[in-house]
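Undergrad: here you go, sequence then predicted model.
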Amino acid sequence: MVIRLDTITKTYGTKTALDQVSLEVEPGQVIGYLGPNGAGKTTTVKILTAVLEPDSGRVEVCGFDPMRHPLEVKKRVGYVPEVAALYESMTPVEYGRFVGRMHRLGEHLLERRLDAFLQIFGLHENRHEPIAAFSKGMKQKTLILTALLHNPPLVILDEPLNGLDANAALLLKEIIASLARKGRTVFYCSHLLDVVERVCHRVVILKAGRILIDGSVDEVRSRSHTDTIEQAFSQLTSSTDWAGLADEFIALLDEEGAP
């Protein structure tokens, strides 16, 4: 088992971020971990990456407790956070070497893999430019390729398509599919539900720190009596009439007498 969460609870003061969450994820799965803002997705990711300790329950990532063996977990995880965290004074080559050496990759393997990754992601011509001069999409590409340098068995992606152009997004989707075919596990957090529906084998939807539904894409659609994951998500997490709300918004814009 790559991920095992056993009745995990985490609170911040009086707010319960995760409430008795249990989850098991096997090798080769691409799991979409979904929920509205405040559902507990980020808290889960922080627990999996040894940033936060749960108040109660048991956690295993690749066979290790993240709090007791944080370095063993970090060796086995490639993490792309929602907000890019890069040393922007470095070039992508310098940053890649920094990350690769932290993971103790051999110099020959590191240089060969880094050079190839920069080529694949279209950054080879920019390899000696400071990351600070990069566009948002270029920074995101740098974050993704360096997260994968050490060939981790678990890849955690939090809104990974942020800033990517259509071609780069297509490349990442194909990489995700290839990782799964090779037995890697991808834990995918996103609000882009149409993308989740296409790339994920399994979908978990949370609300207020609790899992509402967990199953394959087809199972989630069937159990919620909907045609798409987007419809299932809306039905399970909100009672709002979005179309009616949109009509009300436009009616206000069209209101006579507006300056």
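TA: Alright, I've got the coordinates.

Undergrad: please make it C-alpha for all contacts and neighbour counts, starting now.
TA: Fine.

Undergrad: so which residues of the protein form helices?
TA: 41-48, 70-75, 92-102, 107-120, 136-147, 166-181, 193-199, 217-223, 229-237, 242-253 (DSSP state H).

Undergrad: what's the most buried one of the ones you listed?
TA: helix 136-147 (a mean of 22; mean count of other Cα atoms under 10 Å).

Undergrad: now do stretch 82-93: distance to the chain's middle.
TA: On the basis of Cα atoms, centre = their mean, to the nearest Å, stretch 82-93 sits 18 Å off its chain's mean C-alpha point.

Undergrad: now it: buried residues?
TA: Buried residues in stretch 82-93, counted by 16 or more other Cα atoms under 10 Å: 82, 84, 90, 91, 92, 93.

Undergrad: nearest to residue 254, of the residues you listed?
TA: Closest approach to residue 254 among the buried residues of stretch 82-93 (Cα to Cα): residue 82, at 36.6 Å.

Undergrad: contacting residues for the closest one?
TA: Taking Cα atoms under 8 Å, 6 or more residues apart in numbering, we find residue 82 in contact with 157, 158, 159, 160, 162.

Undergrad: just put these in TSV and tack on pLDDT.
TA: Below are the contacts of residue 82 laid out as TSV (pLDDT from 0 to 100):
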residue	pLDDT
157	97
158	94
159	92
160	94
162	91
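
Undergrad: and the two most separated of those?
TA: 157 and 162 (10.8 Å).

Undergrad: comparing those two, which residue is more hemmed in?
TA: It is residue 157, of residue 157 and residue 162, that has more neighbours when counted by other Cα atoms under 10 Å, with 23 against 17.

Undergrad: quick one: the more buried one and residue 181, what's the gap?
TA: For residue 157, the distance to residue 181 (Cα to Cα, to the nearest Å) stands at 17 Å.

Undergrad: ok, now residue 198?
TA: Distance, residue 198 to residue 181, by Cα to Cα: 15 Å.

Undergrad: same check on residue 142?
TA: For residue 142, the distance to residue 181 (Cα to Cα) stands at 23 Å.

Undergrad: please apply the same query to residue 50.
TA: 27 Å.

Undergrad: hmm, back to that, including mean pLDDT and distance to residue 7, could the helices of the chain go into JSON lines?
TA: As requested, these are exported to JSON lines (pLDDT from 0 to 100; distance: least, Cα to Cα, whole Å):
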{"stretch": "helix 41-48", "mean pLDDT": "96", "distance to residue 7": "12"}
{"stretch": "helix 70-75", "mean pLDDT": "96", "distance to residue 7": "20"}
{"stretch": "helix 92-102", "mean pLDDT": "97", "distance to residue 7": "33"}
{"stretch": "helix 107-120", "mean pLDDT": "97", "distance to residue 7": "39"}
{"stretch": "helix 136-147", "mean pLDDT": "96", "distance to residue 7": "29"}
{"stretch": "helix 166-181", "mean pLDDT": "95", "distance to residue 7": "27"}
{"stretch": "helix 193-199", "mean pLDDT": "93", "distance to residue 7": "25"}
{"stretch": "helix 217-223", "mean pLDDT": "95", "distance to residue 7": "22"}
{"stretch": "helix 229-237", "mean pLDDT": "93", "distance to residue 7": "21"}
{"stretch": "helix 242-253", "mean pLDDT": "86", "distance to residue 7": "34"}
